[in-house]
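Visitor: A predicted structure for the sequence below; I have some questions about it.
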Amino acid sequence: MIEGLCTCPVCNGTLRVPCENDITRDYGIKYGWYGYDKETDTVPCKNCGGQTQFPGYPTGQVRPRRDNGEPCVHEYEGYQKGNCYWGYTCKHCGDTYNIDSGD
C-alpha cells in the first residue's frame, strides 16, 4: 500500500469487479475485449486505474476524499485540453488523468 492511499471501495483491492453489462460480456467473450474474464465473469475495476489511458490498469488503491477522508468512489469532470486531448479530475479527491483520442 502506498502511503496516503486507501483500498479501492469499488473492488476492495481485488482489481476486478463483476461484469454487469451484457454488451461488455458479449464482446469480451467474442473478441477478448474489456479485460473480460469468463471464469470469474469480471472486468478490470474502473475506479482505481482501469479508467485511465496510461497505465490503464487498476491498482487497488485510491486517494481519500477531501471532505471526509473516506476512500473515493470517483466522480470525474472532463475538460478539453486540446483538439482530441481531454483531462479529467475527480471532484471529490482531485485525482486526475488524461485521454488522447487521436485524430
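Guide: Thanks, I have the structure now.

Visitor: List the buried residues of stretch 17-29.
Guide: Residues of stretch 17-29 classed as buried: Val17, Cys19, Arg25, Gly28 (neighbour count, 16 or more other CB atoms under 10 Å). Heads up, the C-betas are built off the backbone N, CA and C, glycines and all.

Visitor: For the third one, give me its contacts.
Guide: Taking CB atoms under 8 Å, 6 or more residues apart in numbering as the definition of contact, the neighbours of Arg25 are Cys19, Tyr36, Asp41.

Visitor: just the last one next, same as before
Guide: By CB under 8 Å, 6+ apart, the residues touching Gly28 are Cys19, Tyr34, Gly35, Tyr36, Lys38, Val43.

Visitor: Sitting in helices, which of these do you find?
Guide: Counting by DSSP state H, no part of these is found in helices.

Visitor: would TSV of those with pLDDT be doable?
Guide: Formatted as TSV, the contacts of Gly28 follow (pLDDT from 0 to 100):
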residue	pLDDT
Cys19	92
Tyr34	84
Gly35	87
Tyr36	91
Lys38	91
Val43	91
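
Visitor: Kindly write the PyMOL command that selects the buried subset of those residues.
Guide: To isolate the buried members of the contacts of Gly28 in PyMOL, using 16+ other CB under 10 Å:
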select buried, resi 19+34+35+36+43
